[in-house]
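Engineer: Here is my input; please provide its structure:
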Amino acid sequence: MLTLLRLLRTAALRLSPVWAVTIGKALGLFGYYVVRYRRRIVEAQMSRALGLSPDDAELGRLMRSNFEHYGQLAVEFLRIRRLQAQ
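Structural biologist: Modelled structure (predicted):
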C-alpha cells in the first residue's frame, strides 16, 4: 500500500498545476459516478442540511461540485511536498 502511495505521489508531483486540478476533478467525478453508496449518503446528508429535495437539480450540482472538490484535495495532498518547496 505504501509503495502505491509513493507511486501516486511521484506521478502527482510531475503534474503541472493545471493538470493536477483537471485530474483531481476527474477523480472526484469518478467517485461520484462509481461509488454510488457514498453518493447516497452524501445526498441524504446534504438534502437534510440544505433543506432541498433529493430530486432537486441544485442538490445534484452541489453534490458533483463537492465530489470534484474532494478529488482536487486528494491530488493536492499528494503534491504537498512540491508546494512547500515553492
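Engineer: which secondary element of the chain has the worst mean pLDDT?
Structural biologist: Using mean pLDDT, DSSP states H and E, helix 80-85 stands out as the lowest-scoring helix or strand of the chain, at a mean of 62.
Engineer: I'd say Leu13 and Leu78 touch.
Structural biologist: Yes - if you go by CB atoms under 8 Å, Leu13 and Leu78 touch, sitting 7.4 Å apart. Glycine gets a C-beta too; all of them are placed from N, C-alpha and C.
Engineer: Out of the two, name the residue with the larger neighbour count.
Structural biologist: Leu78 (20 against 15; other CB atoms under 10 Å).
Engineer: what helices or strands is whatever helix or strand Ser65 lives in leaning on?
Structural biologist: Assessed by DSSP states H and E, Ser65 sits inside helix 57-78. Applying 3 or more CB pairs under 8 Å, 6 or more residues apart in numbering; DSSP states H and E, one finds that helix 57-78 contacts helix 2-13, helix 17-34, helix 36-50.
Engineer: Which of the three states applies to Leu52?
Structural biologist: coil (DSSP: H, G, I helix; E, B strand; the rest coil).
Engineer: since we're on the residue nearest to it when sequence neighbours are not counted, how many residues are nearby?
Structural biologist: Distances taken as CB to CB, 6 or more residues apart in numbering place Leu59 nearest to Leu52, at 4.4 Å, with adjacent residues excluded. Neighbour count of Leu59, defined by other CB under 10 Å: 18.
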